[in-house]
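J.: Sequence and predicted structure, then a few things I'm wondering about:
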Amino acid sequence: MKILLEAQKTEIGYQSFQDLKEYYIDEDFIEKNPDCWKIINFISDNPFSTQEEISNRFNFSKNELIEKNKKIRETDWAQDYIINSGIGSKYWKNTIIPSIQSGKAQAVLDEKYSYPDRVGLCPGLSCMFFCSFCGRNYSASYKREFGEKGFQVFKQIIDQTPEGVNKKNVYHITGGLEPLTFPRIGDLISYAREKGFDMEMQTNGYNLNPDFIEKHPGIKDLSILRVSLYGVDDHSTFEVTKNKKGYEMVRKNLIDFLKLRTKIKVGLNYVLLHDHLDHALKLLDYIKEINIESGNQIDFLTLREDFSDRATNISGKEREKLHSIFNDVQTRLEDKNLDRLHIDYGYALEAIRKNKESFEPLKRVDYKQLRPKVFPQIAVMIDAKGDVYSYHEAAFLDRDGAKRYSIGVIDQEHSMRDVISNFLDTNGIDPLPSDTGYLDAFDHVTTLFLNQLESDIKFGIPWSQGPIKIQ
């Protein structure tokens, strides 16, 4: 028979949280297959464990593990439990499963060309913030001429998009430098929209005032607008950005934008630092005030843990405190001025909000684990010069050493296909110890997963014989 797995049944590693889903387990299956349950429970929290590690951990032979994987793969409730219930759920759903379903992970392993699932367009020519954590070269900016030249490059990329690409998710506008410093930003968004692409833009919001939008009406053609906040008040914003007007300008711009009542989904990005955990609650105060003043609501908030090389990890005691804060956050969402707000906790903070015992920071790699041919079949970043970067944090103009991760240039003679195919024909890029600074969270996780896939193949249990079924 099937029984409901109640949230408070902590003996199987699942603890109470107000909005968490309850999961069904098959009691008869577990009684007959206790070893399968060990695997199910373990990998729900540890998605990057190799088949060899699982074999050694539970003392299974290779053939025994293949048989147990087959039973798990054919059991629907087990699939649901693995992918959704544990602290690994964001890793499973946001990165691992999509890259398998799309075939991009296999293209990387085979070193064959495939058009990327994620293409970051980085049109910004400069930035008015000097954020303490940012990897950019503060003295570097593009010449004004790359406003028009960059527009032509991005149009070419959009025009040459192959059939079958997911038009809702493939392109997003981001940094590098601040996108709203691109003189044809509205035209770029409108052009992509006319070609059938849903466009998302991430911005610091400083220039997003009514006069700017009037001059660049194409901004209203966005599907999603993400504004990255760097503080919850004047002091904390200036501490990070070194811009005295940053806090008030962005706050006012958000209010005025929400008053337009467009169909655009509007959200905020925020990085929680270990010594400012209370900012999670202060953010809700900030959002509530904006919602009240605008007569509208911000749709989502993306919270992240700082993963930069200079970051101080959130300690065990801090994580206990943060779990309590997240419970308070959830209660606050019942407020009528916050009841439309969806919060995405990302890879690492999802574990804290679920109050699991293994309070681990973001999964990351060291430079020895970096892949010389990276994974341009999955994701790339492209600047206004047409440079194609294989890591997200490498796409900053004149960042020290980052040019090594430009895999080619898109121009009138070279398409995305040419750049990626030519790069795959080389020996790739020899990693250096400092190169992990060019990776964002997605790059770390994707590298871990691809390395895991290769390890499993060498061990003799490829993905197709693993515990996860991909339809």
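T.: Yep, that arrived.
J.: Going by C-alpha atoms from here, please, whenever you check contacts or count neighbours.
T.: Fine.
J.: For G231, which non-adjacent residue is spatially closest?
T.: What sits nearest to G231 in space, not counting adjacent residues and going by Cα to Cα, 6 or more residues apart in numbering, is T237, at 4.0 Å.
J.: partners of D383 in the sheet?
T.: C122 (DSSP bridges).
J.: re earlier: mind checking pLDDT for the residue nearest to G231?
T.: pLDDT recorded at T237 is 87.
J.: these two touch, right, it and Y230?
T.: Yes - between T237 and Y230 there is a contact under Cα atoms under 8 Å: 5.3 Å.
J.: On the three-state scheme, the residue nearest to G231 is what?
T.: State at T237, reduced to three classes by DSSP: H, G, I helix; E, B strand; the rest coil: helix.
J.: So it versus L273, what's the distance?
T.: 13 Å (Cα to Cα, to the nearest Å).
J.: Check L448 too.
T.: 24 Å.
J.: Of these two, which one has the most company?
T.: L448 (22 against 17; other Cα atoms under 10 Å).
J.: any idea whether that one is helix, strand or coil?
T.: helix.
J.: My read is that it contacts D366, right?
T.: No - checked against Cα under 8 Å, the pair L448 and D366 is beyond contact range at 9.9 Å.
J.: Mutual contacts of those two, please.
T.: By Cα atoms under 8 Å, 6 or more residues apart in numbering, L448 and D366 have no common neighbours.
J.: Which parts of the stretch 51-200 of the chain are strands?
T.: With DSSP state E, counting those that start in this stretch, the ranges of strands along the stretch 51-200 of the chain come out as 118-122, 171-173, 200-203.
J.: and E393, which of the ones you listed is closest to it?
T.: strand 118-122 (11.1 Å; Cα to Cα).
J.: That closest one packs against which elements?
T.: strand 171-173, strand 379-383 (3 or more Cα pairs under 8 Å, 6 or more residues apart in numbering; DSSP states H and E).
J.: Can you get me the centre-to-centre distance for the longest one and its chain?
T.: Average the C-alpha atoms of strand 379-383, do the same for its chain, and the two points are 14 Å apart (Cα atoms, centre = their mean, to the nearest Å).
J.: what angle sits between it and strand 118-122?
T.: 20 degrees (axes from the mean of the first three to the mean of the last three Cα atoms, to 10 degrees).
J.: picking up where we left off before, save the helices and strands packed on strand 118-122 as a markdown table, and put in distance to L341 too.
T.: As requested, these are exported to a markdown table (distance: least, Cα to Cα, whole Å):
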| stretch | distance to L341 |
| --- | --- |
| strand 171-173 | 22 |
| strand 379-383 | 28 |
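J.: for these, which one ends up most surrounded?
T.: When you average the neighbours per residue for each of the helices and strands packed on strand 118-122 (mean count of other Cα atoms under 10 Å), strand 379-383 leads with a mean of 27.
J.: Quick one: mean pLDDT over it.
T.: 97.
J.: Quick check: next helix or strand after it?
T.: Sequence-wise, the next helix or strand downstream of strand 379-383 (DSSP states H and E) is strand 387-389.
J.: That next one packs against which elements?
T.: strand 379-383, strand 406-409.
J.: isn't V380 right up against H392?
T.: Yes - if you go by Cα under 8 Å, V380 and H392 touch, sitting 7.0 Å apart.
J.: returning to that earlier point: could you dump the strands of the stretch 51-200 of the chain to TSV with distance to I461 and mean pLDDT?
T.: Listed next are the strands of the stretch 51-200 of the chain as TSV, based on distance: least, Cα to Cα, whole Å; pLDDT from 0 to 100:
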stretch	distance to I461	mean pLDDT
strand 118-122	29	97
strand 171-173	35	98
strand 200-203	38	98
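J.: Report the rounded mean pLDDT for the longest strand belonging to the chain.
T.: The residue-count maximum for a strand in the chain (DSSP state E) belongs to strand 265-272. Here strand 265-272 scores 94 as its mean pLDDT.
J.: who does that strand pair up with?
T.: strand 224-228 (parallel), strand 300-305 (parallel).
J.: Out of those, flag the one nearest S421.
T.: strand 224-228 (31.2 Å).
J.: Name the nearest residue to Y142, sequence neighbours excluded.
T.: L125 (4.8 Å).
J.: Which phi and psi values does the one you found adopt?
T.: Taking degrees, to the nearest 10, you get phi -100, psi -20 for the backbone angles of L125.
J.: Okay, domains of this structure per the record?
T.: Split into domains by automatic domain parsing, the chain comes to 2-86, 96-228+363-439, 229-361.
J.: Columns distance to F459 on top of those, output as a markdown table?
T.: Output for these, formatted as a markdown table (distance: least, Cα to Cα, whole Å):
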| stretch | distance to F459 |
| --- | --- |
| domain 2-86 | 6 |
| domain 96-228+363-439 | 15 |
| domain 229-361 | 27 |
